[in-house]
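In: can't give you the sequence, but here's the structure:
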């Protein structure tokens, strides 16, 4: 259960006042008792002294009747006096208002030392409380008993007054405490209410400042905080609006850049492919076309060789057109995804690089995994990655070599998700360590000017990333390079 600040303040103030009042009550009672008791003892001592002086002369002449008259009269005049008796030095009773057996006990219990003139002792006998004052005379000792009844009544009355004062102070304290706590907590409760309004998004509020103390300072600080929050929110809203516009602009620019990068990569791959195709097909096809056209011009249509030669010319022209169409493959196309058989996609891509590989004396080895899972991809983009990596591998093996392509099903150890792993290895010169960290950067290339755009590997990396896959490279100088791609199923 939560205890509010008002209850805490009230409890602390009341506790402090109560402890202070109780301490004052106890100390006052003790002090008053001491004062009243001391006053009574002084009075008793004086009365005893005066009475001793009155009976001094009758005692010297042993006038017992006068002595008895004096002590009885003194007892009747002062209601505090319980008894008076006079004893001789041998403790024989000279005069008394008490019975002899009680006199002996009192005289024996309250004796005066040789160095003192008098002695006072407290007695509690049969419910009666009194002080016995013993005063030394020339021929004996005077004992007077003073009752504490009146003293106790006085102390009791004073105690009642203190208790009444305690309750009055307590009531006043409670009232003042409630007023003070309300004075302190009311502004705080109002601040809490306003804070709840702020938490709901309402910043169009302000605390009225009516006090010049710490509460007023807190209110001013609160108003300043609201003002700053409102300004910050307005700035954030304006910033978000501008940010949305900037994001849209940047997204559009990024999309256009990506399309340009993809287009440039296609152009680079097709340019390399066109060189191999032109060397293998275009020149022989030109020779065939030239001879066919020359022979057709030299014979008549009725000749039996005319139609076969025209067919040769027609098909040769068709092949040249196919080569031209291949060179226009770099046009931009929209990204489409579909269920893809990776092994088939790789075979189709390799058909475009096999001619160049054959020219460079590079052997392509395929080790496809059995029962390979199908994945959802953009097949053209995956094929573009295969073509770029194979072209790079062919370029790295100027004296010929081997490209090994393997596929298999793997399961990620952390996520337990199935992946297709594609590995492309070559026996080329390898990639230096200082270059390996930069090979996926756009426009970074180690090829000679005119032989590379620096976009191939960066596009490969981006395409794999777009398919939520990973690509990594392992290479050793003089031994070759391996690219490992993993695509989620």
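Out: That came through fine. Note that the structure is predicted; figures quoted are calculated from it, not measured. Numbers count the residues shown, from 1 in each chain.
In: skip the chain neighbours and tell me the closest residue to residue 150.
Out: Nearest non-adjacent residue to residue 150, counting by CB to CB, 6 or more residues apart in numbering: residue 80, 6.1 Å away. For the C-beta atoms, the positions are set from N, CA and C on the backbone; glycine is no exception.
In: wait, the one you found touches residue 147, no?
Out: Yes. Residue 80 is in contact with residue 147 according to CB atoms under 8 Å; the separation is 5.3 Å.
In: which strand or helix spans residue 440?
Out: Assigned by DSSP states H and E, residue 440 belongs to neither a helix nor a strand.
In: pLDDT weak spots in the stretch 101-250 of the chain?
Out: 101, 203-205, 207, 210-215 (pLDDT under 70).
In: can you give me the strands in the stretch 51-200 of the chain?
Out: 81-87, 93-96, 118-125, 128-137, 140-147 (DSSP state E, counting those that start in this stretch).
In: dump the ones you listed to CSV, plus distance to residue 102 and mean neighbour count.
Out: Formatted as CSV, the strands of the stretch 51-200 of the chain follow (distance: least, CB to CB, whole Å; neighbours: other CB atoms under 10 Å):
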stretch, distance to residue 102, mean neighbour count
strand 81-87, 8, 23
strand 93-96, 9, 18
strand 118-125, 8, 13
strand 128-137, 11, 19
strand 140-147, 10, 23
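In: could I get the ones you listed as CSV with distance to residue 178?
Out: Converted to CSV, the strands of the stretch 51-200 of the chain look like this (distance: least, CB to CB, whole Å):
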stretch, distance to residue 178
strand 81-87, 53
strand 93-96, 65
strand 118-125, 47
strand 128-137, 45
strand 140-147, 48
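In: so for residue 163, which of those sits nearest?
Out: Residue 163 lies closest, by CB to CB, to one member of the strands of the stretch 51-200 of the chain: strand 128-137, at 22.4 Å.
In: how distant is the closest one from the center of its chain?
Out: Computed by CA atoms, centre = their mean, to the nearest Å, the separation of strand 128-137 from the middle of its chain amounts to 79 Å.
In: contact partners for the residue of the chain most remote from its centre?
Out: Distance from the C-alpha centroid of the chain, by CA atoms, centre = their mean, peaks at residue 61 (102.9 Å). Neighbour list for residue 61: empty [criterion: CB atoms under 8 Å, 6 or more residues apart in numbering].
In: follow-up on the earlier one: nearest to residue 343, out of the strands of the stretch 51-200 of the chain?
Out: So among the strands of the stretch 51-200 of the chain, strand 118-125 is nearest, using CB to CB, at 118.5 Å.
In: residue 21: how many residues sit nearby?
Out: 17 (other CB atoms under 10 Å).
In: can you tell me the helix or strand for it?
Out: Going by DSSP H and E, residue 21 is in helix 5-60.
In: could you check the angle that helix makes with strand 118-125?
Out: Put simply, helix 5-60 runs at 120 degrees to strand 118-125, going by axes from the mean of the first three to the mean of the last three CA atoms, to 10 degrees.
In: from the contact counts, what lies against helix 5-60?
Out: helix 64-77, strand 81-87, strand 118-125, strand 128-137, strand 140-147, helix 149-199 (3 or more CB pairs under 8 Å, 6 or more residues apart in numbering; DSSP states H and E).
In: please repeat the previous calculation with a cut-off of 10 Å.
Out: helix 64-77, strand 81-87, strand 93-96, strand 118-125, strand 128-137, strand 140-147, helix 149-199 (3 or more CB pairs under 10 Å, 6 or more residues apart in numbering; DSSP states H and E).
In: between it and helix 64-77, how many degrees?
Out: Going by the same axes, to 10 degrees, helix 5-60 makes 160 degrees with helix 64-77.
In: the residue nearest to residue 150 and residue 48 touch, don't they?
Out: No. With contact defined as CB atoms under 10 Å, residue 80 does not reach residue 48; the gap is 11.7 Å.
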